[in-house]
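*Asks:* Below: sequence and its predicted model.
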Amino acid sequence: MGTSKTTFDAVVVGSGACGGWAAKQLTEAGLRVLVLEAGRTERADRMLWLWHRLRQKLLRYRTETDAQRKARQSVQSTTFAWPFHPHAFVDDVDNPYTTPEGQPFTWIRARQVGGRTSVKAHGRQFYRLSDFNFKAGSHDGHGPDWPLSLADLAPHYETVERWMGIRGNSDGLDTLPDSVFAESIPLTSAEQRLKSQVERRWPERRVVARRTSTAPVTIPAALKTGRLTLRAHAVVNQVLHDAKTGRVTGVSYLDAETGKSYEAHGRIVVLAAGTIESTRLLLNSRSSAFPDGLANSSGQLGRNLMDHTYLLGIEAKMNLPADQQRQEQSWAYIPQFRNVATREQGFARGYGVQVFTFGDSCHFVPFGEMVPRAENRVTLSPTVKDRWGIPAAHIDCKHSANELKMTEDAVASCQEMMKEAGFTVEKVNDTLSTPGMAIHEVGTARMGTDPKTSVLNAHNRSWDVPNLFVTDGACFPSQGPQNPTLTMMAITVRACAYMVDELKAGRL
């Protein structure tokens, strides 16, 4: 096994939305950082992307009809973004996972610098969570509150938003806090019509412009500091733990192409490989001190997996005059309105609706919150391993009666809002997609106030291992209906500020 002679200030696993921000914040604070990315470099991705586009234009190549590629990416090919950027996603044959019979979970993974946020068709919708979300457990008793508030996270949201240059409008909603916007986004004629009619009929429902930006790929900014070492094709298989000191010393990893094994050492280790992948890594880092997975004295590691409920959409014709029909796609958002001022009968939490318009067509796509449940969990397969000999994740996750009832309500509400706006409903999809299809998975290493019931403290630091941090979606105690990426990035920025302070004070 090769061992680096350098001990970095921080070893970060993953280079996506969270790993990239960890690299940027820590290097800009003066730390020497190693980022390990299991996939390819940005340059390699760019070359493959150009070749993909060339084949499409000159050779009439269509990914959807490539039987060999679909066989290698049987899961990844089910996502809408796959035909646009197929090589961004993992090879499912090399990267298997298991589920209980008859209970599928669709795990969509991108392995490349930038992670899923660098995929060409990424939705790029960025919304803050509110105290209504952070304290949801107190409202309805379904799971714990977060150990932080909007006030705790607001300055770190702002750091991310200013760097990204988020576009959107200040709407003044308690349940969807305003971001710091670089510029406003006007509503289209169709969106204005929908807003006017819906808000007139239901004042508690609001139609707002999208909140968006370009892809938040921060690794280039970290590289500019001269303090980042980036290693692609590095498949991490274990976090190294010293039982005598009780601390982690680094990680072991394999070269994805040669299979050769290496070690990398750091004063702190930051896991940001994605919710399920970070948890899989901790579960595989067993020792005599942690027989059920590293940092798992609570028994909560792997539990409480959540993904938004997702419907492919309710479709309608908007009946707009020809001069009001836009030929480029626009989208708006209807924030949660159920279980806000009053409590609904039959289900807890709620959903937000993404509204897509193109020409005279309109699609409503509701995303609902899955409540945390211990039985929705990630473990390790006892028999299946990936190409590099690492035990595959076993994902046991299903919708409960709460999600099913919420979906019934969402389908009905979407139709009534369309009709109120004068749209003609043409297609209604009322069947929930397989868990995982929303690609918003969170939970499995949640933060909290009690080490007996959570894996991490409020700064994403392991209760059990003082120099181990998990900053991706695994840390979420609950989900909220909003897209989670902006919150993941803000949490990472907050955790990194804490790491820097602790290192300077000599406590790490």
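*Replies:* Perfect, thanks for sending it.

*Asks:* which stretches of the stretch 201-350 of the chain form helices?
*Replies:* Under the criterion DSSP state H, counting those that start in this stretch, the stretch 201-350 of the chain contains helices at 219-223, 275-283.

*Asks:* Most tightly packed of those helices?
*Replies:* Mean neighbour count (mean count of other CB atoms under 10 Å) peaks for helix 275-283 among the helices of the stretch 201-350 of the chain, with a mean of 26. C-betas here are computed from N, CA, C, even on glycine.

*Asks:* about what we covered before: among the helices of the stretch 201-350 of the chain, which is nearest residue 495?
*Replies:* Taking CB to CB as the criterion, helix 275-283 is the member of the helices of the stretch 201-350 of the chain that comes nearest to residue 495, at 13.2 Å.

*Asks:* Quick one: list the elements packing against that closest one.
*Replies:* strand 234-242, strand 261-271, strand 377-385, strand 391-396 (3 or more CB pairs under 8 Å, 6 or more residues apart in numbering; DSSP states H and E).

*Asks:* Mean neighbour count and distance to residue 182 for those - can I get that in CSV?
*Replies:* Rendered in CSV, the data for these read as follows (neighbours: other CB atoms under 10 Å; distance: least, CB to CB, whole Å):
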stretch, mean neighbour count, distance to residue 182
strand 234-242, 21, 34
strand 261-271, 23, 28
strand 377-385, 16, 37
strand 391-396, 21, 38
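
*Asks:* any chance of these in a markdown table, plus mean pLDDT and distance to residue 419?
*Replies:* Listed next are these as a markdown table, based on pLDDT from 0 to 100; distance: least, CB to CB, whole Å:
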| stretch | mean pLDDT | distance to residue 419 |
| --- | --- | --- |
| strand 234-242 | 98 | 51 |
| strand 261-271 | 98 | 47 |
| strand 377-385 | 98 | 41 |
| strand 391-396 | 98 | 38 |
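
*Asks:* Of those strands, which is nearest residue 129?
*Replies:* In this view, the helices and strands packed on helix 275-283 are compared for proximity to residue 129 by CB to CB, and strand 261-271 is the closest at 21.3 Å.

*Asks:* can you give me the angle that closest one makes with strand 234-242?
*Replies:* An angle of 80 degrees separates the directions of strand 261-271 and strand 234-242 when computed by axes from the mean of the first three to the mean of the last three CA atoms, to 10 degrees.

*Asks:* Mind putting the helices and strands packed on helix 275-283 into a markdown table with distance to residue 428?
*Replies:* Compiled in a markdown table, the helices and strands packed on helix 275-283 are given as follows (distance: least, CB to CB, whole Å):
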| stretch | distance to residue 428 |
| --- | --- |
| strand 234-242 | 43 |
| strand 261-271 | 41 |
| strand 377-385 | 33 |
| strand 391-396 | 29 |
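
*Asks:* thought residue 109 was touching residue 94?
*Replies:* No: here residue 109 does not reach residue 94: they are 11.0 Å apart, not a contact under CB atoms under 8 Å.

*Asks:* Between the two, which has more neighbouring residues?
*Replies:* residue 109 (22 against 13; other CB atoms under 10 Å).

*Asks:* okay, the closest residue to the more buried one other than its chain neighbours: pLDDT?
*Replies:* Excluding its sequence neighbours, the residue lying closest to residue 109 (CB to CB, 6 or more residues apart in numbering) is residue 90, at 4.5 Å. On the pLDDT scale, residue 90 is placed at 97.

*Asks:* Just give me the neighbour total for residue 90.
*Replies:* Number of residues near residue 90 (other CB under 10 Å) recorded here: 21.

*Asks:* do the same with residue 272
*Replies:* The number of residues packed near residue 272 is 30, by other CB under 10 Å.

*Asks:* Hmm, residue 489 and it touching each other?
*Replies:* No: checked against CB under 8 Å, the pair residue 272 and residue 489 is beyond contact range at 10.1 Å.

*Asks:* residues touching residue 281, list them.
*Replies:* Residues counted as contacts of residue 281 (CB atoms under 8 Å, 6 or more residues apart in numbering) are 13, 236, 237, 238, 239, 271, 273.

*Asks:* now do residue 438
*Replies:* Taking CB under 8 Å, 6+ apart as the test, what residue 438 contacts is 307, 308, 309, 310, 367.

*Asks:* Closest one of those residues to residue 181?
*Replies:* Set against residue 181, the nearest of the contacts of residue 438 by CB to CB is residue 367 (22.0 Å).

*Asks:* what helices or strands is the helix or strand hosting that closest one leaning on?
*Replies:* For residue 367, the host element (DSSP states H and E) is strand 361-368. For strand 361-368, the helices and strands in contact under the criterion 3+ CB pairs under 8 Å, 6+ apart are strand 309-310, strand 314-317, strand 351-359, helix 401-420.

*Asks:* Could you spell out the sheet neighbours of that strand, each with its direction?
*Replies:* When pairing is defined by DSSP bridges, strand 361-368 lines up against strand 309-310 (antiparallel), strand 314-317 (antiparallel), strand 351-359 (antiparallel).

*Asks:* want to throw those strands into CSV with mean pLDDT, mean neighbour count and distance to residue 433?
*Replies:* Listed next are the strands paired with strand 361-368 as CSV, based on pLDDT from 0 to 100; neighbours: other CB atoms under 10 Å; distance: least, CB to CB, whole Å:
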stretch, mean pLDDT, mean neighbour count, distance to residue 433
strand 309-310, 96, 24, 5
strand 314-317, 97, 21, 14
strand 351-359, 97, 21, 14
